[in-house]
Every structure is written in structure tokens, then in C-alpha cells.
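K.L.:
Provided below are the primary sequence and the corresponding predicted coordinates.
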Amino acid sequence: DTEVTQTPKHLVMGMTNKKSLKCEQHMGHRAMYWYKQKAKKPPELMFVYSYEKLSINESVPSRFSPECPNSSLLNLHLHALQPEDSALYLCASSQKLVGGADTQYFGPGTRLTVL
Amino acid sequence: GIQVEQSPPDLILQEGANSTLRCNFSDSVNNLQWFHQNPWGQLINLFYIPSGTKQNGRLSATTVATERYSLLYISSSQTTDSGVYFCASRSNDYKLSFGAGTTVTVRA
């Protein structure tokens, strides 16, 4: 099973709302990632978790708050977002963070609209 | 991180045609992946190919690591092949660097 799942598929929120995106994988992967993708652009890395610890924060604004409750789950908590944060949010996982043959597998994404 | 360039940026094909997409990268890599992003946004793994040649059905890929490029071949294209094809690579750090993508449109 090489599946990464994400919920919800679509999310519309106001600038004062608090919402969360969820990601799950059951491949035993120990590295998990959040990416943001704007229309007609490649994915941009936001956060990386390795062995459930935050390893990388690519200078993401604090209105995005990641959380890794266990080795299979990754959340992205959203608060006080701006309309320019509207994008496709992709979760990915891989066996480990660095070194060796390592394929990243992506979930289907959450399409977020901030009004 | 690694710089990745993809060409062409756009490709329009008639159903049944063959095509070649190219990915150039700026440094030696230990990870190179090709993805297909379908119109619904799903990024589908096509190949993990830091070197050598692989085939999967109508798709094949070749990476010449010493010359820092990779090619993706699509044969007998179908309308379901439409979408954006991304090449992504990584050297010794954590970051998978994506190219800008090639948008493929296959017409019936």
C-alpha cells in the first residue's frame, strides 16, 4: 500500500476561522512533509517531520502550525489566514529524511479557499 | 538546493503520438523522481530514477547522471496522459527541488 490520504478534499474558510488539515499514511514512513502549491507552480516545501519531530520549517508564517501526533498522522492547523494562502496543500511521506533511495509519496491534497 | 529545469514548458499532442520530456539538474543527485499531476491535483509517482533506465507500460525514463539530465518518454499517448509532469531531484540534503513542470495536453 503506497497511499497517503488527506482530509478534507476541499475547505473554504474565513480569515477569522480556525481549521485543520489532516494527513495519514500507513507505510511505516518516518518522514512526513507539508507542501503548498499555487496554480501553475510546482509544490513548495513548508514543513518536514522526521521521527515525529519537526525538523524543517521553511520560514512559514506562524498562522500555519503543524503537528505530528504519531508516526502515521500529520496535521496542519490554520488560523487567521489571508486570501493569498488559498492554494492546494499537499502532504507527502518517505521512508526517511535523508540518505539512500527514498521516494516521496504524495496525498491527493486539500484545496483551500480563504475568503 | 539543486536547480531543476524542465523542457518544453507546454506540449500539445494528438492521441497516439510519442513525446519526450527533458529535465536538467545543476548538481549530482541521489534522488530523482518523475511525477504526473492530474487535473484534480493528485501527484502520481511515475519513476524513482537517479540513474539508468526504467519502463512502466507506455512510459519510460532514462537518467544520465554524469551529464545531469533525465528524459521521460511517453509513447502512444492517450487523453488520460494530459496533465503536468514534474521532475524533482535532491542531492545530499533533505529538500526535493521541483522543476517548473511540463504541461501536456493530449487531443482526441
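P.N.:
Thanks, I have the structure now.
K.L.:
buried stuff in stretch B:9-28?
P.N.:
For stretch B:9-28, burial by neighbour count (16 or more other CB atoms under 10 Å in any protein chain shown) applies to B:11, B:13, B:19, B:21, B:23-25. Where C-beta positions appear, they are placed from N, C-alpha and C, glycine not excepted.
K.L.:
so where is chain A shaky, pLDDT-wise?
P.N.:
A:1-2, A:98-101 (pLDDT under 70).
K.L.:
picking up where we left off before, now render the buried residues of stretch B:9-28 as JSON lines, adding pLDDT.
P.N.:
Output for these, formatted as JSON lines (pLDDT from 0 to 100):
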{"residue": "B:11", "pLDDT": "97"}
{"residue": "B:13", "pLDDT": "96"}
{"residue": "B:19", "pLDDT": "97"}
{"residue": "B:21", "pLDDT": "98"}
{"residue": "B:23", "pLDDT": "97"}
{"residue": "B:24", "pLDDT": "96"}
{"residue": "B:25", "pLDDT": "92"}
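K.L.:
Write out the residues of chain B neighbouring chain A.
P.N.:
B:30-31, B:33, B:35, B:40-45, B:48, B:50, B:86, B:88, B:92-96, B:98-101 (CB under 8 Å from any CB of the partner chain).
K.L.:
Can I get the buried ones among those as something I can paste into ChimeraX?
P.N.:
A single ChimeraX command suffices to select whichever of the residues of chain B next to chain A are buried according to 16+ other CB under 10 Å:
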select /B:30,31,33,35,41,42,43,50,86,88,94,95,96,98,99,100,101
